[in-house]
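Asker: Pasting a predicted model and its sequence here:
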Amino acid sequence: MTLDPSYLDYPKRRLGYDHDLYPWSSIFARPPVSWPGGKTVAVWVCVSLEWFPIVPSDKPFRAPGHMVTPYPDYRHYTSRDYGTRIGFYRLLDAFAKAGVTASIATNAAIAERYPELIADIVAAGHEIVAHSTDMNGTIATGLPIEEERALIATSLDTLERVSGTRPRGWLSIARSQSWNTPDLLREAGVRYACDWVNDELPYRFANGLINLPLNHELSDRQIITVQQQSADSYAQQIRDAFDWLAREAGTHGGRVLPLHVTPYIMALPYRIDAFEALLQDIAGRPEAWVAPGGAIVEQWQGQP
Amino acid sequence: MHEGAGDPGLYDFLPYRGRPKVVWPGGKTVAVWVAPNLEYYEIDPPANPFRKSWTKPHPDVVGYSHRDHSNRVSHWRMAEAMSRHGFPGSVSLSVALCQHHPDVVEDGAKRGWEFFSHGIYNTRYAYGMDEAQERAIIEDSIATVQAATGQRIRGWLAPALTHTPRTLDLIAEYGLDYTCDLYHDDQVQPVKVKSGQLASIPYSLEVNDHYGFFVYNMSPRDYADTLIRQYDRLAAEGAASGTVMCIPLHAYLIGQPHRIGAFERVLEHIAADGRAWIARAGEIVDAWRAQAGGAA
C-alpha cells in the first residue's frame, strides 16, 4: 500500500504552532516573575480527590485508577475509598503540620456525597479546584459538546453550592481535553486550568484562559504507580527538582514546583512518613513560597 | 539491503575480538557524542495506515504538551548544561522545527551543534512511502536544514525510527554519509549501499533517555549511574580499539527539573575523566574513515 500523496502535505508548517490554542514563547526569554516576600520557588501542592463509581464508564475513556476486575470490583472500589476516608485525612494533618495550603482538585460527587469532607477542606483554608463530576466524567474529542458543557457546569455548580465558593481552577481527569474544552471552560467562568504540561509557569491561551501546568512527570501516579519507584525515591526526586529550580530562579526569576498527589497512592501508612518529611523540609526552605494554584495565578497575573 | 532475505545484508559479520586498532585524536579511547532530539510532533497529524501517532483522540493533551515542554522550557536547560561542560550536540532534527520554532534551531546552531535529519515531523512515518515520496522527504530535509543553518546534513535517523527497504541506499545516493539507525556495534562500521559511502555510527536505544525513563523505569539518579557505567566500560575497552558512546536525549525528559541535576553530574564525570574525545557525529565518522581508509 502506498501512502496518499496528501501524506506529504504540511498545511500547518509555519512559524509558531500547528494550532491556534496558545502562542509560543520560551520561559527563558520572558520577564522574570517574582513571588511574595522575595521567595523564588512557588511550591504548589495539588491533591486529586476522586470518587470512582463501581460501574465504570469507557466513554470517552476509562479514567486511570478506575475499576479493573469484572463487576463488582470490590478490590478497587474500596481501595479508592480508603484514600478518601483515611488517606485524605492523613494528608490534611500533614498539611497542617507543615503549614501547607493546598489545592484540592475535587470531583463534584465528593461534595454531593460527603459534604462534611468539603467543610473540613474549607475550614483548613485549602482551595477547591473543580475536577469533573466523578471518575466517569472523562473528556476527549468525540464527547458531544452539550454533554461536555453540562459536565463542566455540574461540576462547578455542585462544588460552589456545597463549599460556598465557585472554583476558579479546573483539572480534567487524566488532563484530557477535547478541542472544545478551553472555550467551554472560559464560557463557564473558569480562570485557570491545569491540564497542559508544556511549561513551568502560568501562561495564557488565546481565548484568555490561563494554564497553570501541573507537571505529570512529578506526580505520585507517574513516579510511584507508573514507574514503580519508592516513596523515598519520589521524595529525593522532588528535592532534586526543588534544588534545581531554586538555583535557576536565582538567574531567571520565579519558578513553580508542582506536587500532584493522590490519597490512595501517597497516603498509605508506609509512604506517608516520607511525604510528611518532604513537605516539612521543602516548606521550610528559605526560597519556598507554599501556595495553592489560585494564589500563584493571581500573583502571576499582577505582573507585567 | 537484500529485500525479503532473512539477513538484510547491511554489513559483514566482524567479531569484536581481533579488530584493527582505532585511535581517537589525542590518544583518547572513547568518542562521546550527545544527540539531542529536537522534535516537532503535530497535534493533529494525518493517519499512517501502518502506525498510529497518538494513542488518544486528538488533541492528546499530555502527549503533545509533554513534548512541547522541550520547545518552551527544557531545550535551554539541557543545552546550557551541555555547553557548561564542553559537550556540543549532534542534533536529530524534525526539520519542520526550522519553520515552527526557529529560535530553538538557531540556539543549537549558535552553540556549534551539528544537524542531521530525523524526518519532517516525528508524526510522519516512512512506512508505506514509495520511492518518490521518500526522495521528497530527503530532499526537503537537505534544503530545509541548509536554509536554516547553512549546514549540509550528513546523517539520518529515520522519523520515529520508521524505515523502508530503500532508505539507506537513498540517503547514501544523496551524499549523506552516516546513519544512526543500526545498533549492532560499539564502533563505527561500514554499511553496504548501492552507491556512495555510508557509515553506521553507534547511537543507542539502551541508554536513550526515553528507554531509561519509560522502558526501564529508572529514577533520574539510576539513569545517571547507567550512563556513567556505560561510559567507564567503553572508555576501558577503547584502549584496545577506540569505541563510541552516544547519549541520545529528549529535552522534555532529561530537562525536567528532577532529572537535569543528576544528568549534569554525568557530563562532569565524562569531561573530567580524560579518556573521552567529546565530539560531533561527523567528526567521529571522519576520524574513523581516515583510519579505515578505502576499505570502508
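Answerer: Sure thing, it's come through. Numbers count the residues shown, from 1 in each chain, chains lettered A, B, ... in the order given.

Asker: remind me which residues of the stretch 101-250 of chain A are low pLDDT?
Answerer: Scanning the stretch 101-250 of chain A for pLDDT under 70 picks out nothing.

Asker: quick one, strands of the stretch 201-304 of chain A?
Answerer: According to DSSP state E, counting those that start in this stretch, the stretch 201-304 of chain A carries its strands in the segments A:203-204, A:210-211, A:255-261, A:288-290.

Asker: Get me the contact residues on the stretch 51-200 of chain B for chain A.
Answerer: Counting by Cβ under 8 Å from any Cβ of the partner chain, the residues of the stretch 51-200 of chain B close to chain A are B:56-59, B:61-62, B:64-69, B:71-73, B:76-77, B:96, B:99-103, B:120-121, B:124, B:128-130, B:133, B:136-137. In short, each C-beta sits where N, CA and C put it, glycine included.

Asker: Any of those residues buried? List them.
Answerer: Among these, those buried by neighbour count (16 or more other Cβ atoms under 10 Å in any protein chain shown) are B:56, B:58-59, B:61-62, B:64-69, B:71-73, B:76-77, B:96, B:99-101, B:120-121, B:124, B:128-129, B:133, B:137.

Asker: Distance check, A:Arg30 against B:Pro59.
Answerer: Relative to B:Pro59, A:Arg30 is positioned 24 Å away (Cβ to Cβ, to the nearest Å).

Asker: got it, and B:Asp107?
Answerer: 26 Å.

Asker: again, but for A:Tyr7
Answerer: In terms of Cβ to Cβ, A:Tyr7 sits 20 Å off from B:Pro59.

Asker: And A:Trp196, by the same measure?
Answerer: If you go by Cβ to Cβ, the gap between A:Trp196 and B:Pro59 works out to 9 Å.

Asker: Next: A:Leu15.
Answerer: For A:Leu15, the distance to B:Pro59 - Cβ to Cβ - is 20 Å.

Asker: Show residues contacting the helix or strand hosting B:Asp222.
Answerer: Using DSSP states H and E, B:Asp222 sits within helix B:220-237. Residues outside helix B:220-237 that contact it (Cβ atoms under 8 Å, 6 or more residues apart in numbering or on different chains): A:236-237, A:240, B:29-30, B:32, B:186, B:206-207, B:209, B:212-213, B:218, B:243-245, B:247, B:258-259, B:261-263, B:265-266, B:269-270, B:273, B:275-276.

Asker: Selection in PyMOL covering whichever of those are buried, please.
Answerer: Selection of buried members from those for PyMOL, criterion 16+ other Cβ under 10 Å:
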select buried, (chain A and resi 236+237+240) or (chain B and resi 29+30+32+186+207+209+212+213+218+243+244+245+247+258+259+261+262+263+265+266+269+270+273+275+276)
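
Asker: I'd like the list of the contacts of helix B:220-237 that fall within helices, please.
Answerer: Residues of these located in helices (DSSP state H): A:236-237, A:240, B:209, B:261-263, B:265-266, B:269-270, B:273.

Asker: quick one on the thing from earlier: now the angle from the helix holding B:Asp222 to helix B:260-273?
Answerer: Helix B:220-237 runs at 20 degrees relative to helix B:260-273, counting by axes from the mean of the first three to the mean of the last three Cα atoms, to 10 degrees.

Asker: Pull out the buried positions in helix B:220-237.
Answerer: Those buried within helix B:220-237 under the rule 16+ other Cβ under 10 Å are B:220-221, B:223-224, B:226-227, B:230-231, B:234-235, B:237.

Asker: Could you dump these into JSON lines with distance to A:Ala108 and pLDDT added?
Answerer: Output for those, formatted as JSON lines (distance: Cβ to Cβ, whole Å; pLDDT from 0 to 100):
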{"residue": "B:Pro220", "distance to A:Ala108": "37", "pLDDT": "98"}
{"residue": "B:Arg221", "distance to A:Ala108": "40", "pLDDT": "98"}
{"residue": "B:Tyr223", "distance to A:Ala108": "40", "pLDDT": "98"}
{"residue": "B:Ala224", "distance to A:Ala108": "43", "pLDDT": "98"}
{"residue": "B:Thr226", "distance to A:Ala108": "45", "pLDDT": "98"}
{"residue": "B:Leu227", "distance to A:Ala108": "46", "pLDDT": "98"}
{"residue": "B:Gln230", "distance to A:Ala108": "50", "pLDDT": "98"}
{"residue": "B:Tyr231", "distance to A:Ala108": "53", "pLDDT": "98"}
{"residue": "B:Leu234", "distance to A:Ala108": "56", "pLDDT": "98"}
{"residue": "B:Ala235", "distance to A:Ala108": "58", "pLDDT": "98"}
{"residue": "B:Glu237", "distance to A:Ala108": "61", "pLDDT": "98"}
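
Asker: So B:Tyr178 sits against B:Glu283, correct?
Answerer: No - B:Tyr178 is beyond contact range of B:Glu283, at 11.0 Å (criterion: Cβ atoms under 8 Å).

Asker: Give me the more crowded residue out of the two.
Answerer: Neighbours were counted for B:Tyr178 and for B:Glu283 using other Cβ atoms under 10 Å in any protein chain shown; B:Tyr178 has more, 29 against 18.

Asker: so how far is B:Trp54 from that one?
Answerer: 31 Å.

Asker: Model confidence score at residue 45, please.
Answerer: You didn't say which chain, so I picked chain A. The model reports A:Val45 with a pLDDT of 99.

Asker: not what I meant, chain B
Answerer: pLDDT, B:Pro45: 98.

Asker: which residue sits closest to it, ignoring its sequence neighbours?
Answerer: Distances taken as Cβ to Cβ, 6 or more residues apart in numbering or on different chains place B:Thr123 nearest to B:Pro45, at 3.8 Å, with adjacent residues excluded.

Asker: The one you found: how many residues sit nearby?
Answerer: What B:Thr123 shows, counting by other Cβ under 10 Å, is a neighbour count of 25.

Asker: For the stretch 151-300 of chain A, just list every one of the helices.
Answerer: A:181-187, A:220, A:231-252, A:263-266, A:269-283, A:293-301 (DSSP state H, counting those that start in this stretch).

Asker: Might you report the residue contacts of B:Ser117?
Answerer: B:92-93, B:95, B:138, B:141-142, B:145, B:153, B:155-157.

Asker: Look up the closest residue to it, ignoring the ones flanking it.
Answerer: Nearest non-adjacent residue to B:Ser117 (Cβ to Cβ, 6+ apart): B:Ser141, at 3.7 Å.

Asker: wait, is the one you found part of a helix?
Answerer: Yes - assigned with DSSP: H, G, I helix; E, B strand; the rest coil, B:Ser141 falls within a helix.
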